[in-house]
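>>> Quick check, what structure comes out for this input:
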Amino acid sequence: MFPSLETVASVERLVAAGRQPLESRSLHSERPHGSSNLRREQVLGTVSSTIELPPRLLVGTQTTTDLEAAIRGGADIVEFAAGSSESDRVQLRELVELAALRAPRTGVSVALGELEDLLATEVRPVLPKGIRWARLGLAGSRSRPKWHRDWQHVRAAIDARTGRPLKWLAVAYSDAETANCPKVGEVLDAAISTGCAGLFLETYDKSGGSIADTLTPCELSRLMWMAREFHMPV
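Below is the predicted model:
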């Protein structure tokens, strides 16, 4: 199981709160007691009750200089982006090998972009040994009738080409309208039903505010509560 994924999104982003309701049947079917007027401290309490491991730090890196700085800074997990060109693949392999050499206990994750991009190009990358987690976003997939099926098929194809099953992280954008993607609750449902290792919660538009501007404390608390019920790290 992914070690405490709130670390990946960062604790500050996870406990932030904001304004758009979740539209998921399962998330609305039950509610934690007293969720109507949650203060920030109550949200913190709800999140911390879900966490079984201490918070961990994920740092995105693209160069050896970034990677060295992340390791010196005590990153628990380093994340690389997987490009589509041959030079991108070579760079990814070199970074993963360097991470294993310099910090063998540091986890390695890879960001694969968006499902729509992979479907458009039919690119299915072969990921180097040493990568434990992979995440694939759903921006632009809201109007795709069977996005969850296509999402699973692409993940399975990458696993097959890589030669081993990866620990997949479902990416949920709290600003789903902007990202034109499924709602957070729908992504959580799909993550649970397809055996994801965790849910990666973030905003799509980095210039449009934080999770604090898109999810209310009640919505975030409900999301964390539902994830905990199914042992899904967030």
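>>> The residue nearest the centre of the chain and residue 145: what is the separation?
For the chain, residue 200 is the residue whose C-alpha lies nearest the centre (Cα atoms, centre = their mean; 2.1 Å). Plainly put, residue 200 is 24 Å away from residue 145 if you go by Cβ to Cβ, to the nearest Å. Just so you know, the C-beta spots here come from the backbone N, C-alpha and C atoms, and that holds for glycine as well.
>>> Residue 73 too?
Residue 73 is 44 Å from residue 145, where distance means Cβ to Cβ.
>>> ok, and for stretch 183-194, which residues are buried?
Judged by neighbour count (16 or more other Cβ atoms under 10 Å), stretch 183-194 contains these buried residues: 183, 184, 185, 186, 187, 188, 189, 190, 191, 192.
>>> If you could redo that for stretch 163-182, that was the one I meant.
Buried residues in stretch 163-182, counted by 16+ other Cβ under 10 Å: 166-176, 179, 181-182.
>>> now, which of those residues lie within helices?
Cross-referencing the buried residues of stretch 163-182 against helices under DSSP state H gives 176, 179.
>>> Columns distance to residue 63 and pLDDT on top of the buried residues of stretch 163-182, output as a markdown table?
Below are the buried residues of stretch 163-182 laid out as a markdown table (distance: Cβ to Cβ, whole Å; pLDDT from 0 to 100):
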| residue | distance to residue 63 | pLDDT |
| --- | --- | --- |
| 166 | 23 | 95 |
| 167 | 25 | 95 |
| 168 | 26 | 96 |
| 169 | 23 | 94 |
| 170 | 28 | 95 |
| 171 | 23 | 95 |
| 172 | 28 | 95 |
| 173 | 26 | 95 |
| 174 | 29 | 94 |
| 175 | 29 | 93 |
| 176 | 32 | 92 |
| 179 | 27 | 95 |
| 181 | 29 | 96 |
| 182 | 33 | 95 |
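>>> May I see the buried residues of stretch 163-182 arranged in JSON lines, with distance to residue 133 as well?
Formatted as JSON lines, these follow (distance: Cβ to Cβ, whole Å):
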{"residue": "166", "distance to residue 133": "7"}
{"residue": "167", "distance to residue 133": "5"}
{"residue": "168", "distance to residue 133": "8"}
{"residue": "169", "distance to residue 133": "6"}
{"residue": "170", "distance to residue 133": "11"}
{"residue": "171", "distance to residue 133": "12"}
{"residue": "172", "distance to residue 133": "15"}
{"residue": "173", "distance to residue 133": "18"}
{"residue": "174", "distance to residue 133": "20"}
{"residue": "175", "distance to residue 133": "23"}
{"residue": "176", "distance to residue 133": "22"}
{"residue": "179", "distance to residue 133": "21"}
{"residue": "181", "distance to residue 133": "20"}
{"residue": "182", "distance to residue 133": "21"}
